[in-house]
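Asker: what follows is a predicted structure for the sequence shown.
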Amino acid sequence: MSSSDIFFGEVIGTAVLILLGGGVVAGVVLKKSKAFGAGWVAITFGWGFAVLSGVYISGELSGAHINPAVTLGLAIAGGGWSDVPLYWLGQLIGAMLGAVLVWLAYYGHFRAHLEDPGTVSP
């Protein structure tokens with residue numbers, strides 16, 4: 001695998017993981033969402049699908065680590081320490097990208113949730 005394959009594979013795979021996983025949580029917990037109150041089963045299946053999607057998308061390019069702990073474990077088990085910073089950088093950028101996309105997709109829901117007088121804020 002080339003360095004660009006590793007980097008872009010991890011960025012795309014991690015972004016999809018966070019977009020789908022964070023999106024399902026936002027949908028379940030934000031009051032104005034149609035999925036509000038769906039519960040832990042919906043969140044569990046959503047995160048499972050998020051992992052599946054991220055792995056399928058990035059598998060060919062980077063080996064689909066999409067998690068710094070997986071990268072570290074594989075480096076400890078089999079070496080390959082030279083690529084660890086590249087994997088971690090791709091995962092960090094992908095996670096931030098996915099989080100921003102969730103925020104953008106649910107921006108109106110976040111505002112409505114926080115402006116609701118029933119929402120307790122610290």
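Answerer: Yes, it's here.
Asker: which strand or helix spans residue 119?
Answerer: Using DSSP states H and E, residue 119 falls within no helix or strand.
Asker: neighbours of residue 69, just the number please.
Answerer: Neighbour count of residue 69, defined by other Cβ atoms under 10 Å: 8. For every residue, glycine as well, the C-beta is placed using N, CA and C.
Asker: do you know how far it is from residue 92?
Answerer: Residue 69 sits at a distance of 13 Å from residue 92 (criterion: Cβ to Cβ, to the nearest Å).
Asker: what residues does stretch 93-101 touch?
Answerer: Under the criterion Cβ atoms under 8 Å, 6 or more residues apart in numbering, residues 10, 11, 12, 13, 14, 15, 16, 17, 18, 19, 22, 66 lie in contact with stretch 93-101.
Asker: nope, stretch 31-48 is what I was after
Answerer: The contact list for stretch 31-48 (Cβ under 8 Å, 6+ apart) reads 20-21, 23-30, 106, 108-109, 112-113, 116, 118-119.
Asker: who's in contact with the residue lying closest to residue 90 once chain neighbours are set aside?
Answerer: Nearest non-adjacent residue to residue 90, counting by Cβ to Cβ, 6 or more residues apart in numbering: residue 10, 3.0 Å away. By Cβ under 8 Å, 6+ apart, the contact set of residue 10 is 58, 62, 65, 66, 86, 87, 90, 91, 94.
Asker: in the protein, which spans are helices?
Answerer: Along the chain, counting by DSSP state H, helices occupy 3-29, 40-62, 68-78, 84-105, 107-115.
Asker: and the fourth one, what's buried?
Answerer: To tie it back to what came earlier, the one meant is helix 84-105. 84, 86, 87, 90, 91, 93, 94, 95, 97, 98, 101, 102 (16 or more other Cβ atoms under 10 Å).
Asker: grab the nearest non-local neighbour of the first one.
Answerer: In this structure, residue 84 finds its nearest non-sequential neighbour in residue 75, 5.1 Å apart by Cβ to Cβ, 6+ apart.
Asker: tell me the pLDDT of the residue lying closest to residue 27 once chain neighbours are set aside.
Answerer: In space, and not counting its chain neighbours, residue 27 is closest to residue 35: 3.7 Å by Cβ to Cβ, 6+ apart. Looking at residue 35, its pLDDT is 91.
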